[in-house]
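S.K.: Predicted structure and sequence below. I'll ask about it afterward.
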Amino acid sequence: MDKKINCIICDKETSAKRIGKKYCRECLKKKAQLRKKKYLNSSKGKEVTKSYSKRYYRENAKKCRESSKIWANNNEERRNENLKRFKERNPNYFKEWNKKNWQINKEKEQQRTREYHQKNRGEILKKLKEYRKQNKDYFKEKWKEYYKINKKKLLQRKKIWNEKNKEHNKIVRTKYYLSPRGKEIMSHNNRLRKIRKRNAIHNFSLGDWKNKVEKTWGICPMCNKIVGIENMTLDHIFPISKVPVGFVYEIEDVQPLCHNCNSSKNNKINENEMKLLIESSTKQGLI
């Protein structure tokens with residue numbers, strides 16, 4: 001018959017087959033686990049585990065990759081947490097690793113990026129548009145810096161592209177000039193050319209002029225006809241030909257008229273308008 005002995009740790013009765021037995025099976029397992037942890041945390045244990053893991057990975061690389069992929073797919077949250085911890089501890093590890101990998105496998109990485117962009121071109125463009133809308137000021141500043149550094153290169157590229165694509169540029173310009181936005185800008189630029197000849201100045205923006213035209217609701221104030229906002233033209237109450245050199249036009253010195261009324265008026269001026277012109281020019285110190 002086997003002798004029965006009480007365990008030193010948990011005081012349970014156990015059969016003593018071996019001479020000098022002092023622990024039960026459960027306590028022996030716990031003791032062995034503690035010894036294993038101490039050994040693995042020691043410097044010698046770490047070296048042994050690293051060498052063993054490297055040798056095992058070389059012999060069974062395919063199995064390890066497949067098992068790691070399966071584990072990552074089943075435990076995404078845990079994988080992301082581990083990555084965050086690793087990045088916090090080693091911030092410059094991924095940058096150095098990417099540089100080395102790019103230098104070793106440059107051609108493969110370029111082919112992989114091209115294939116990825118070809119497959120997912122639409123998604124990438126959508127993301128870029130959204131990112132540029134959110135960060136407009138950032139891209140403007142970057143573009144200004146790049147333009148200052150590479151001004152000659154960009155102008156040469158533009159010249160070469162314009163010489164090769166003359167027909168395309170003509171089609172684009174005609175479409176733009178026929179659009180409502182293009183018509184507004186062309187008429188605005190023509191007015192500025194006329195004013196420059198007399199060294200006069202417009203002291204109002206294009207937005208101020210639009211607001212004044214919208215208040216008319218497309219009705220000409222001279223003939224009281226419904227012409228539409230698009231067909232309204234800018235008329236200088238004080239004609240450019242009868243204004244002193246260096247005269248400054250304010251938004252009050254300008255009125256929206258239809259094309260027929262503006263052409264019929266030409267450079268005519270009333271006595272009241274002439275008095276106002278003299279007063280404003282004296283204020284500006286031109287007379």
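M.R.: Looks like it came in fine.
S.K.: separation between Asp137 and Lys37?
M.R.: According to C-beta to C-beta, to the nearest Å, Asp137 stands 55 Å off from Lys37. (Each C-beta comes from the backbone N, C-alpha and C, glycine too.)
S.K.: Show me which of these two is the more surrounded one.
M.R.: Applying other C-beta atoms under 10 Å to Asp137 and Lys37 shows that Lys37 carries more neighbours, namely 11 against 7.
S.K.: Can you name the next helix or strand after the one helix or strand that one maps to?
M.R.: Using DSSP states H and E, Lys37 maps to helix 25-41. Once the chain leaves helix 25-41, the next helix or strand it forms, by DSSP H and E, is helix 43-59.
S.K.: and that next one, what other elements does it pack with?
M.R.: Judged by 3 or more C-beta pairs under 8 Å, 6 or more residues apart in numbering; DSSP states H and E, helix 43-59 is in contact with helix 25-41.
S.K.: Are there helices or strands packed against the helix it packs on, and which ones?
M.R.: The helices and strands touching helix 25-41, judged by 3+ C-beta pairs under 8 Å, 6+ apart, are helix 43-59.
S.K.: coming back round to it: could you list the buried residues of the helix holding Lys37?
M.R.: By 16 or more other C-beta atoms under 10 Å, the buried positions in helix 25-41 come out as Cys27.
S.K.: what do you get for stretch 75-82?
M.R.: Under 16+ other C-beta under 10 Å, stretch 75-82 has no buried positions.
S.K.: so who does the residue lying closest to His202 once chain neighbours are set aside touch?
M.R.: Among residues not flanking His202 along the chain, Tyr249 sits closest, at 5.3 Å (C-beta to C-beta, 6 or more residues apart in numbering). Contacts were defined as C-beta atoms under 8 Å, 6 or more residues apart in numbering; by that measure Tyr249 touches Ile195, Ala200, Ile201, His202, Asn203, Phe204, His236, Phe238.
S.K.: mind checking the SS state of the last one?
M.R.: Following DSSP: H, G, I helix; E, B strand; the rest coil, we place Phe238 in the coil state.
S.K.: With Asn267 as the reference, measure out to the nearest residue to it once chain neighbours are set aside.
M.R.: Excluding its sequence neighbours, the residue lying closest to Phe238 (C-beta to C-beta, 6+ apart) is Leu277, at 4.7 Å. To Asn267, Leu277 is 12 Å away according to C-beta to C-beta.
S.K.: Now do the shared contacts for these two.
M.R.: Residues touching both Leu277 and Asn267 (C-beta under 8 Å, 6+ apart): Lys242.
S.K.: Show me which of the two is the more surrounded one.
M.R.: More crowded of Leu277 and Asn267, by other C-beta under 10 Å: Leu277, with 20 against 10.
S.K.: Go ahead and confirm that one touches Ile269.
M.R.: Yes - between Leu277 and Ile269 there is a contact at 7.4 Å, judged by C-beta atoms under 8 Å.
S.K.: what touches both of those two?
M.R.: Contact with both Leu277 and Ile269 is made by residues Phe238, Lys242, according to C-beta under 8 Å, 6+ apart.
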